[in-house]
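Trainee: what follows is a predicted protein model with its sequence.
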Amino acid sequence: MNINPIQLFDTESSTYTYILAGPGEAEAVIIDPVQRHQARDLAHLERLGLNLRYVLETHAHADHITSAGRLCQATGALAAVPAGCGIAHAPLQLKDGEVIRFGQGEELRVLQTPGHTAGSMSYVWRGNVFTGDTLLIDGCGRTDFQSGSADALYHSVMDRLFTLPDATRVWPAHDYKGQSVSTIGWEKRHNARLAGRSRDDFVKLMDELKLPKPALIDVAVPANQNLGLPHGV
């Protein structure tokens with residue numbers, strides 16, 4: 001049974017945050033929260049009568065600071081992050097194939113999808129996949145920093161994400177064109193960077209992008225490696 005998540009947006013970094021809860025459930029999971037929206041996210045949880053069980057990150061973001069640490073302090077939730085992404089203080093270091101359980105039988109499957117960063121992960125839940133910056137709507141994340149690899153991203157999408165059922169809904173970590181959701185089937189057929197493109201062509205395309213350095217990377221990455229908390233906390 002497919003159930004849509006609660007999708008929330010940060011206009012400054014074009015970041016999507018997701019709240020997941022099953023029907024009638026009292027526990028929730030939040031994915032990729034943004035520090036400036038901590039109060040907003042807590043208000044949504046309170047309004048819906050949800051207790052936050054886990055705070056998940058898809059990777060250590062370079063364009064905003066997470067509220068993961070503060071949300072955990074405020075709610076007693078546990079931070080769960082991809083193992084090897086440099087977020088050392090999170091109590092749960094997730095590996096490919098692990099399952100996060102919450103509520104009365106809700107299961108979220110961990111899918112390792114490196115490429116945008118070496119530690120990037122996606123999460124599969126009830127016919128939905130939360131792809132972080134690995135797969136965007138009609139695009140993909142860049143691969144030129146944080147041990148990124150165009151070759152790894154190509155295989156993550158082609159061999160992992162594109163093997164999910166076509167009807168799987170794709171919920172990215174960012175969108176810059178006003179789009180909110182796609183499907184695996186649509187991206188397989190239409191994604192401008194990936195559909196019908198060979199591995200070599202994709203690597204060449206990504207190598208030639210020459211994108212500017214993210215404005216907040218020097219601040220955001222160290223902060224996010226400490227779950228958005230001041231160092232020493």
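Mentor: Looks like it arrived, so ask away. Because the structure is predicted, anything quoted here is derived from the model rather than measured.

Trainee: ok, Arg101 touching Val110?
Mentor: No - here Arg101 does not reach Val110: they are 11.7 Å apart, not a contact under CB atoms under 8 Å. Every C-beta, even on glycine, is put in place using the N, C-alpha and C of the backbone.

Trainee: quick one: the strands in this protein, in order.
Mentor: 6-10, 15-20, 27-31, 51-56, 78-82, 92-94, 99-102, 106-112, 121-125, 128-132, 135-136, 139-140, 169-172, 182-183 (DSSP state E).

Trainee: now those as TSV including distance to Phe162, mean pLDDT and mean neighbour count?
Mentor: Below are those laid out as TSV (distance: least, CB to CB, whole Å; pLDDT from 0 to 100; neighbours: other CB atoms under 10 Å):
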stretch	distance to Phe162	mean pLDDT	mean neighbour count
strand 6-10	22	98	16
strand 15-20	21	98	23
strand 27-31	21	98	24
strand 51-56	22	98	23
strand 78-82	20	98	23
strand 92-94	22	98	18
strand 99-102	22	98	16
strand 106-112	12	98	18
strand 121-125	12	98	24
strand 128-132	11	98	26
strand 135-136	9	98	27
strand 139-140	12	98	23
strand 169-172	10	98	24
strand 182-183	11	98	20
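
Trainee: between these, which one is nearest to His64?
Mentor: In terms of CB to CB, the element of the strands of the chain nearest to His64 is strand 15-20, at 5.5 Å.

Trainee: so which residue is smack in the middle of this protein?
Mentor: Nearest residue to the geometric centre of the chain (CA atoms, centre = their mean): Gly132, 2.9 Å.

Trainee: how about low-confidence regions in this protein?
Mentor: Applying pLDDT under 70 to the chain picks out residues 1, 232-233.

Trainee: name the residues of stretch 217-227 that come out as buried.
Mentor: 220-221, 223-227 (16 or more other CB atoms under 10 Å).

Trainee: Leu194: which of the strands of the chain is closest?
Mentor: When those are compared by CB to CB, strand 139-140 sits nearest Leu194, at 6.3 Å.

Trainee: ok, residues contacting that closest one?
Mentor: Residues outside strand 139-140 that contact it (CB atoms under 8 Å, 6 or more residues apart in numbering) are 115-116, 133-134, 153, 157, 191-194.

Trainee: paired strands for it, with orientation please.
Mentor: Under the criterion DSSP bridges, strand 139-140 sits next to strand 135-136 (antiparallel) in its sheet.

Trainee: distance of Arg47 relative to Arg40?
Mentor: 11 Å (CB to CB, to the nearest Å).

Trainee: got it, and Asp201?
Mentor: Taking CB to CB, one finds Asp201 at 41 Å from Arg40.

Trainee: what's near enough to touch Tyr176?
Mentor: Ser14.

Trainee: one more: the one 5 residues further on?
Mentor: For Val181, the contacting residues are 4, 7, 137, 169-171, by CB under 8 Å, 6+ apart.

Trainee: how about Glu57?
Mentor: Contact analysis of Glu57 by CB under 8 Å, 6+ apart lists 31-32, 66, 68, 79-82, 85, 87, 90, 224.

Trainee: and the residues you listed, which is closest to Gly141?
Mentor: Nearest member of the contacts of Glu57 to Gly141, counting by CB to CB, is Asp32, at 12.7 Å.

Trainee: just checking, the closest one touches Ile19?
Mentor: No - counting by CB under 8 Å, Ile19 is not a contact partner of Asp32; they are 10.7 Å apart.

Trainee: about what we covered before: weed out the non-buried ones from the contacts of strand 139-140.
Mentor: For these, buried by 16+ other CB under 10 Å: 115-116, 133-134, 153, 157, 191, 193-194.
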